[in-house]
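S.K.: Prediction below, plus the sequence it came from.
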Amino acid sequence: MKQKIVVFGIALLIIISMSMVIKINTGATKNDDAVWAVTLDFSETSGKMDYVVFGEAPDANDGAVDSYDTPKPPPAPYPPYLRAWFDDNLPMPYNALWEDFRQHPDTEKVWDLSVQWESPSSEPIDVTISWDNNEFIDCEYDFVVLMRYDSSNEVCEFIDMLSEDYYIYMPRYSNGMWLIDHFQISCIKTETTPPNGDDPQPPSNGDSPPPGENHPPTANASASETSGFVNTLLNFSGSLSTDTDGYITNWIWDFGDDTIGNGEIVEHAYTNSGIYTATLTVTDNENATDTDTFIVQIAVGNNAPTKPQVNGIIEGHQNTEYIYTAISTDLDDDAICYFFIWGDDNTTISEFLPSGTSCFMDHEWLSAGEYEIEVYAHDNKTYSEPTQLIVLIDIFYVDDIGYLNNDDSDGIYDSFYSNATGEQTVVEKQDGTYLIDEDGDGEWDYFFDLSEGISVYTKADGQGKTPSFEIIIILSAVLLVLLFKIFWKRKR
């Protein structure tokens, strides 16, 4: 019996794998009865892929299982894998849909999309969602927006699917596991057709209304802000509205969240994230009206993590491993990962850790030099300000003219980096001090003692050493003797 179960399971996996291969090689299936259908392709940096299809059909049955609903096979038994599906709250096996079609036509539709990246590794990756804009040609909606939700089930990002054709995001990792990322595709039609089904006809030849007949005003809300964050005031302006034969007396705003405003220019804040249909209605002095409808996108504002506190050595030796710690907090209590940029063309990224948790990272430098470490905290949405730390590896600063390099970590400095030229020059060690050639011209410029500091070097003899005080006294005495002899001879 166990053997039969194993064989059946293997056969099921083979069928699922073959169906995925067929899709990847031939493209998504499109139902012939669909008015429009769009394929969302999912891929990530290691090569895992998946896809889903959504669209509209005249005889689709929203909220119930129909012939358009295609169940999604179960995920692979072992990670890593990438899996996407639509959730319509339908019974199994339709609780995860591969293809999801809604009824056509309509003025508003919503698809709930879930994506899961699963891997035994906690290393951050990028997932790309892509689509073909041409597949929206027969779509009747004026706005098609992909919205991403955060861990608090609030909208944190909007993507205009009619103008963009891809979106890249980083899956969330928390408490030792990869989380399911939730999206929503929202379609909204703002232009309406008259009840009789006829298209509105413009005035012929641009003729003005008959004498004595009022010309309606024109509502124009295009000067309004159309995106923002929860609990943040947005500016709504009807200042571009016009009336050719009179004047506008009233501006009424329907913000789409069951609240109303009055005035040519008003401010309004939304208390929840989402997509809202706002309407401006203007009235002229003859009580004629006109409306302008537009979309407002509201997301949850994200607070960036605080600038990390970084601790670790600032002087050390090459080929030696050192441990650094970084800690940051996130006002939204999001998990945080840390980017360590070591200044030697190497970068290390930590796993996601709870806000306020210390991160430990080790690194070694392979050559002497001055290195600037930069550390960023990232909450999967926003980067913090960087923290910089200067680390000196086997070097010793010489005032502000440059630094000595200990190329082999033997305690003796072998060369000098000049700030003036940006190049390495030679040094000579003498009795615990160093002679420095700053400009590389073959002549010593400075005399440097590690404990006493730097002084300008004076070239005095062939050996390149300053004459001692005793030599100066002897030479002065000899000169005096010669002068005395010359003076004595002349006197005699």
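M.R.: Structure's in. What do you need?
S.K.: In this protein, where is pLDDT below threshold?
M.R.: Applying pLDDT under 70 to the chain picks out residues 1-32, 191-211, 459-473, 476, 487-492.
S.K.: now do 80
M.R.: 1-32, 151, 174-175, 191-212, 407-411, 430-432, 450-452, 458-492 (pLDDT under 80).
S.K.: so where do the helices sit in it?
M.R.: Per DSSP state H, the chain carries helices over the ranges 2-26, 469-491.
S.K.: ok, the residue nearest to Ser224 when sequence neighbours are not counted - how many residues close by?
M.R.: Nearest residue to Ser224 in three dimensions, chain neighbours excluded: Phe236, at 4.5 Å (Cβ to Cβ, 6 or more residues apart in numbering). All C-beta spots, glycine's among them, are computed from the backbone N, C-alpha and C. Neighbourhood size, Phe236 [other Cβ atoms under 10 Å]: 24.
S.K.: which residues sit in contact with Phe236?
M.R.: By Cβ atoms under 8 Å, 6 or more residues apart in numbering, the contact list for Phe236 reads Ala221, Ser224, Glu225, Trp253, Phe255, Gly261, Ile265, Val266, Glu267, His268, Ala278, Leu280.
S.K.: same question, Ile390
M.R.: Residues near Ile390 by Cβ under 8 Å, 6+ apart: Ile314, Glu370, Tyr371, Glu372, Ile373.
S.K.: mind running it again at 10 Å?
M.R.: Ile390 is in contact with Ile314, Glu315, Gly343, Glu370, Tyr371, Glu372, Ile373, counting by Cβ atoms under 10 Å, 6 or more residues apart in numbering.
S.K.: For the closest residue to Leu162 other than its chain neighbours, list the residues it contacts.
M.R.: Spatial nearest neighbour of Leu162, excluding adjacent residues (Cβ to Cβ, 6+ apart): Val144 at 5.3 Å. Contacts for Val144 were tallied using Cβ under 10 Å, 6+ apart; they are 38, 109, 131, 133, 136, 159-163, 185-188.
S.K.: re the thing from before, looking at the contacts of Phe236, spot the one nearest Trp178.
M.R.: If you rank these by distance to Trp178 using Cβ to Cβ, Glu225 comes first, at 35.9 Å.
S.K.: Flag every buried residue along stretch 318-330.
M.R.: By 16 or more other Cβ atoms under 10 Å, the buried positions in stretch 318-330 come out as Gln318, Tyr322, Tyr324, Ala326, Ile327, Ser328, Thr329, Asp330.
S.K.: Take the residues you listed and lay them out in a markdown table including distance to Asp100.
M.R.: What follows is the buried residues of stretch 318-330, written out as a markdown table (distance: Cβ to Cβ, whole Å):
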| residue | distance to Asp100 |
| --- | --- |
| Gln318 | 58 |
| Tyr322 | 53 |
| Tyr324 | 48 |
| Ala326 | 43 |
| Ile327 | 44 |
| Ser328 | 40 |
| Thr329 | 40 |
| Asp330 | 35 |
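S.K.: Out of those residues, which two sit at the greatest distance?
M.R.: Using Cβ to Cβ, the two most remote members of the buried residues of stretch 318-330 are Gln318 and Asp330, lying 35.6 Å apart.
S.K.: For Trp444, give its distance to Leu435.
M.R.: 4 Å (Cβ to Cβ, to the nearest Å).
S.K.: ok, back up a step: give me the subset of the contacts of Phe236 that lies in strands.
M.R.: Under the assignment DSSP state E, these contribute Trp253, Gly261, Ile265, Val266, Glu267, His268, Ala278, Leu280 to strands.
S.K.: Present those residues as TSV; the columns should include neighbour count and distance to Ile395.
M.R.: Putting the ones in strands among the contacts of Phe236 into TSV (neighbours: other Cβ atoms under 10 Å; distance: Cβ to Cβ, whole Å) gives the following:
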residue	neighbour count	distance to Ile395
Trp253	20	65
Gly261	16	65
Ile265	13	61
Val266	20	62
Glu267	11	57
His268	21	59
Ala278	22	62
Leu280	25	66
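S.K.: want to throw those residues into CSV with distance to Met361?
M.R.: Below are these laid out as CSV (distance: Cβ to Cβ, whole Å):
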residue, distance to Met361
Trp253, 52
Gly261, 52
Ile265, 52
Val266, 51
Glu267, 46
His268, 46
Ala278, 48
Leu280, 54
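S.K.: Specify which member of the residues you listed is nearest to Glu56.
M.R.: Nearest to Glu56 among the ones in strands among the contacts of Phe236, with distances taken as Cβ to Cβ, is Ala278, at 25.0 Å.
S.K.: Tell me which residues touch the residue lying closest to Gln103 once chain neighbours are set aside, please.
M.R.: Leaving aside its sequence neighbours, Gln103 sits nearest to Ala60 (Cβ to Cβ, 6+ apart; 4.6 Å). Neighbouring residues of Ala60 by Cβ under 10 Å, 6+ apart: 31, 33-35, 66-69, 100-104.
S.K.: Let's see that with 7 Å instead.
M.R.: Asp66, Tyr68, Phe101, Arg102, Gln103 (Cβ atoms under 7 Å, 6 or more residues apart in numbering).
S.K.: now do Ile373
M.R.: Phe340, Ile341, Trp342, Gly343, Gln388, Leu389, Val391.
S.K.: What's the local residue count around the closest residue to the first one other than its chain neighbours?
M.R.: Just to be clear, that refers to Phe340. Distance criterion Cβ to Cβ, 6+ apart; nearest residue to Phe340, sequence neighbours excluded, is Thr348 at 4.5 Å. With neighbours defined by other Cβ under 10 Å, the count for Thr348 comes to 14.
S.K.: quick one: Thr348 from Asp362, how far?
M.R.: Thr348 is 9 Å from Asp362, by Cβ to Cβ.
S.K.: quick one, strands of the stretch 351-492 of the chain?
M.R.: 359-363, 369-378, 387-393, 395-398, 402-405, 415-418, 424-430, 433-436, 446-449, 453-456 (DSSP state E, counting those that start in this stretch).
S.K.: nearest to Ala96, of those?
M.R.: Distance to Ala96, taken as Cβ to Cβ, is lowest for strand 369-378 among the strands of the stretch 351-492 of the chain, at 30.4 Å.
S.K.: Show me what counts as buried in that closest one.
M.R.: By neighbour count on 16+ other Cβ under 10 Å, the buried set for strand 369-378 is Gly369, Tyr371, Ile373, Glu374, Val375, Tyr376, Ala377, His378.
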